[in-house]
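# below are the sequence and a predicted model; questions follow.
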Amino acid sequence: MQAYLIDFVNLLLRWLHVIAAIAWIGESIYFVMLDNSLRTPKAEEDRQKGVFGEMWSVHGGGFYHNQKYATAPAKLPNDLHWSFWKAYTTWLSGFALFVILYMVNPGFYLVNPNSPWEWAASMTGWQANVLALAFLLGGWVVYNELCKRISPNMDRDGLLSVAVAVMMVVVAYLSTQMFTGRAAFLLTGAVMATAMSANVFFWIIPGQRRMVKAMKAGDAPNPLDGKRGKQRSVHNTYFTLPVVLLMVSNHYSFIYSHELAWVVMVLFIFAGALIRQFFVLMHAGKTQPAYPAVGVGLILLAFWVAAPSSSSPSGNDGAQGPDQAQITGLIEQHCVQCHARNPEHAGFSAPPAGIAFDSWDEILGQKAQIQQVVASRYMPLGNMTNMSDEERDMIAAWEE
């Protein structure tokens, strides 16, 4: 019953997380599109009122006229729309999911027994949890300091973008060395998502509140608040597509179980940012196909890097592979504790990902995936069943 309760809470949290993320990202993409699609107002009356740009659009059978003010309008309404709860809900629900799915069983999901760093491979569960939290907090602190030190007045944002890109390469590398592949991809995405939400909480909304307060008092708002909010919003825009990819990556072991997983991750991050840049420029009336072309090129490069080797498995040397009885024995010894219709493992009320090995036909149906996750050492999770290298070679040599 406890495992079922955890699964049900997981379902509801994931639903909430996806809904909040769609609402936040959708609104963010809309406002970026709106900002880049503004045109100089045609009416002299609007220009005199301080309207910086306008956009006419049609949707849902109606017509909309959006206007942006460069200076304080004569009067701000009391029902001014604010955009922040979607961002906070996305982060809070995502963190709750991380706690339930990863931090409750860190020995399975966080500790990387194959880490090249001995201290990381030998971490206890609570140490892995502390390190994961420090990783999230440290990512935000480093990113925030880069923004404050490199471009505090928003006059060196190009250099700042390069620094943030380098930071993400370092984050991708460190995460894959310290944590399991799946957790590494998720934590790297969570570093970016934390920066996005923290940008809203610490900079964008406080700056907007100061601007509104100054306007209502009849004072001129500090222009740095607007510029800083714009800077952090731009960063959030380019983080969006990579974060979405990293958050769904846990369904695809071939990218996070590869020995060069950090390279694959970096390629996807940069590809997402470049593709997003294409749409940002397109909304501004500039079509630059080079950006998505390079982005697709990086994705193809990631495909090539992550592709499984076609070489013969070690130890096979052309000999006959293991028979059905040997494979079934290995599966029963190392897999069915979790992957069965009624799992023995207390943490599961149903087989993970719906994959069960209760019959030979079910095992055969998952042959390619079994060989992949065993060869990459992603499975068994944390090698809790102590699968030997010889047993892994037997799985790799399985030809039936």
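Here it is on my side, so go on. Numbers count the residues shown, from 1 in each chain.
# hey, let's count contacts and neighbours off CA atoms from now on
Fine.
# what's the neighbour count on Gln67?
20 (other Cα atoms under 10 Å).
# surely it is in contact with Gly53?
Yes - Gln67 is within contact range of Gly53, at 5.8 Å (criterion: Cα atoms under 8 Å).
# anything in contact with each of these two?
Shared contacts of Gln67 and Gly53, defined by Cα atoms under 8 Å, 6 or more residues apart in numbering, are found at Leu38.
# domain-wise, how is this protein divided?
If you go by automatic domain parsing, the domain ranges for the chain are 2-29+80-306, 38-69, 324-396.
# adding mean pLDDT, write those domains out as CSV.
CSV is the format used below for the domains of the chain (pLDDT from 0 to 100):
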stretch, mean pLDDT
domain 2-29+80-306, 93
domain 38-69, 91
domain 324-396, 82
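# hey, where'd the strands end up in the stretch 51-200 of the chain?
For the stretch 51-200 of the chain, the strands defined by DSSP state E, counting those that start in this stretch cover 51-59, 62-69.
# to Gln372, which of those lies closest?
Nearest of the strands of the stretch 51-200 of the chain to Gln372, taken as Cα to Cα: strand 51-59 at 47.3 Å.
# may I see the buried residues of that closest one?
With burial defined by 16 or more other Cα atoms under 10 Å, the residues of strand 51-59 counted as buried are Val51, Phe52, Gly53, Glu54, Met55.
# alpha carbons only: can I get stretch 47-63 in CSV?
Extracted C-alpha coordinates of stretch 47-63, given in CSV (Å, rounded to 0.1, in the frame of the first residue of the first chain):
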residue,chain,number,x,y,z
ARG,A,47,3.0,57.8,-29.5
GLN,A,48,2.3,60.8,-27.4
LYS,A,49,1.0,58.6,-24.6
GLY,A,50,4.4,56.8,-24.6
VAL,A,51,3.5,53.7,-26.5
PHE,A,52,6.7,52.1,-27.6
GLY,A,53,5.3,49.4,-29.9
GLU,A,54,2.1,47.6,-30.8
MET,A,55,0.9,44.4,-32.4
TRP,A,56,-2.5,43.5,-33.9
SER,A,57,-3.4,39.8,-33.8
VAL,A,58,-6.4,37.5,-34.4
HIS,A,59,-7.2,34.5,-32.3
GLY,A,60,-10.2,32.5,-31.3
GLY,A,61,-12.6,34.6,-33.5
GLY,A,62,-11.5,37.9,-32.0
PHE,A,63,-9.0,40.7,-32.6
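# quick one: contacts of that stretch?
34, 37-41, 64-74.
# go with 10 Å
34-46, 64-74 (Cα atoms under 10 Å, 6 or more residues apart in numbering).
# ranges for the helices of the stretch 301-400 of the chain?
324-334, 360-365, 367-375, 389-396 (DSSP state H, counting those that start in this stretch).
# in TSV: those, plus mean neighbour count.
Shown next, in TSV, are the helices of the stretch 301-400 of the chain (neighbours: other Cα atoms under 10 Å):
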stretch	mean neighbour count
helix 324-334	15
helix 360-365	13
helix 367-375	17
helix 389-396	18
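# identify whichever of those lies nearest to Ile29.
Comparing the helices of the stretch 301-400 of the chain by Cα to Cα, helix 367-375 comes nearest, at 36.2 Å.
# report the inter-axis angle for the closest one versus helix 324-334.
With axes from the mean of the first three to the mean of the last three Cα atoms, to 10 degrees defining the directions, helix 367-375 sits at 50 degrees from helix 324-334.
# what angle sits between helix 367-375 and helix 389-396?
Using the same axes, to 10 degrees: helix 367-375 against helix 389-396 is 160 degrees.
# helix 367-375 - contacts with which helices or strands?
Counting contacts by 3 or more Cα pairs under 10 Å, 6 or more residues apart in numbering; DSSP states H and E, helix 367-375 is packed against helix 253-256, helix 360-365, helix 389-396.
# the helices of the stretch 301-400 of the chain: which one's closest to Ala220?
That would be helix 367-375 among the helices of the stretch 301-400 of the chain, by Cα to Cα, at 60.1 Å.
# what distance do you get for Pro77 to Ser83?
16 Å (Cα to Cα, to the nearest Å).
# which of the two has more residues huddled nearby?
Ranked by neighbour count (other Cα under 10 Å), Pro77 and Ser83 place Ser83 first, with 13 against 8.
# list phi and psi for the more buried one.
Main-chain torsions, Ser83, degrees, to the nearest 10: phi -120, psi 100.
# these two touch, right, it and Ser28?
Yes - assessed by Cα atoms under 10 Å, Ser83 is found in contact with Ser28 at 8.9 Å.
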